[in-house]
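K.L.:
Coordinates only, no sequence provided:
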């Protein structure tokens with residue numbers, strides 16, 4: 001019996017795409033299997049730390065009635081010392097509120113990358129941004145966000161809201177009743 005190699009390759013046959021697919025599936029599963037809010041937040045921490053390469057991030061809920069962001073949860077940063085509006089700027093706020101992630105690229109200081117790499121990911125439910133995940137400095141081994149990270153941003157944007165905030169009515173009341181102003 002003779003075995004022949006097929007020259008036909010699937011659209012995602014290279015190792016990078018396969019790894020990206022595995023990361024997405026692991027992140028999706030971790031969020032979906034969360035039992036309660038604390039577990040979902042721990043899942044978010046695991047995803048950001050292990051897949052996106054940061055141990056400094058915060059979650060801010062959106063209070064549409066008062067037009068402010070409220071600090072809800074963080075890891076590795078003091079939310080009281082962080083001004084989301086200042087960090088995002090007007091253009092960034094508009095983009096994130098429309099549901100687009102806002103990524104600030106790395107700046108080069110001579111030959112070393114600056115620690116100013118940031119991403120702001122909208123957490124959406126029912127077509128509205130209900131929270132913003134702000135990712136600050138990346139780990140030293142992570143140079144910048146890549147295409148597969150953008151896929152993870154999309155997954156978090158679309159699927160993190162329900163396990164973290166519960167049903168729409170719960171997330172609305174959470175967005176109106178927590179934390180600090182922007």
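P.N.:
Thanks, I have it. It should be emphasised that the depicted structure is a prediction, and the values quoted were computed from it without experimental measurement.

K.L.:
Work out the gap between the helix ranked longest in the chain and the centre of the chain.
P.N.:
Counting residues, the longest helix found in the chain (DSSP state H) is helix 15-32. Distance of helix 15-32 from the chain centroid (Cα atoms, centre = their mean, to the nearest Å) equals 14 Å.

K.L.:
Packing partners of it?
P.N.:
Contact analysis of helix 15-32 by 3 or more Cβ pairs under 8 Å, 6 or more residues apart in numbering; DSSP states H and E lists helix 37-47, helix 147-159 as its packing neighbours. In this view, the C-beta of every residue, glycine as well, is placed from N, C-alpha and C.

K.L.:
Check which helix or strand residue 140 maps to.
P.N.:
Assigned by DSSP states H and E, residue 140 belongs to neither a helix nor a strand.

K.L.:
Got the phi and psi for it?
P.N.:
Here the main-chain torsion angles of residue 140 (degrees, to the nearest 10) amount to phi -60, psi -30.

K.L.:
roughly how far apart are it and residue 53?
P.N.:
Here the distance between residue 140 and residue 53 works out to 9 Å (Cβ to Cβ, to the nearest Å).

K.L.:
got it, and residue 24?
P.N.:
Distance from residue 24 to residue 53, counting by Cβ to Cβ: 16 Å.

K.L.:
Now the element after the least confident helix or strand in the chain by mean pLDDT, going C-ward?
P.N.:
Within the chain, no helix or strand scores below strand 112-113, which has a mean of 36 by mean pLDDT, DSSP states H and E. On the C-terminal side of strand 112-113, the closest following helix or strand by DSSP H and E is strand 118-125.

K.L.:
Give me the contacts around that following strand.
P.N.:
Applying Cβ atoms under 8 Å, 6 or more residues apart in numbering, the set of residues contacting strand 118-125 from outside is 52, 59, 87-88, 92, 96-104, 129-136, 145, 149, 153, 156-158, 160-162, 164-165, 168, 171.

K.L.:
Just the angle for whichever helix or strand comes after that strand relative to helix 147-159, thanks.
P.N.:
Using DSSP H and E, the helix or strand that directly follows strand 118-125 along the chain is strand 128-135. When axes from the mean of the first three to the mean of the last three Cα atoms, to 10 degrees is applied, the directions of strand 128-135 and helix 147-159 differ by 140 degrees.

K.L.:
helices or strands up against strand 128-135?
P.N.:
With contacts defined as 3+ Cβ pairs under 8 Å, 6+ apart, the packing partners of strand 128-135 are strand 57-63, helix 84-97, strand 118-125, helix 161-165, helix 168-177.
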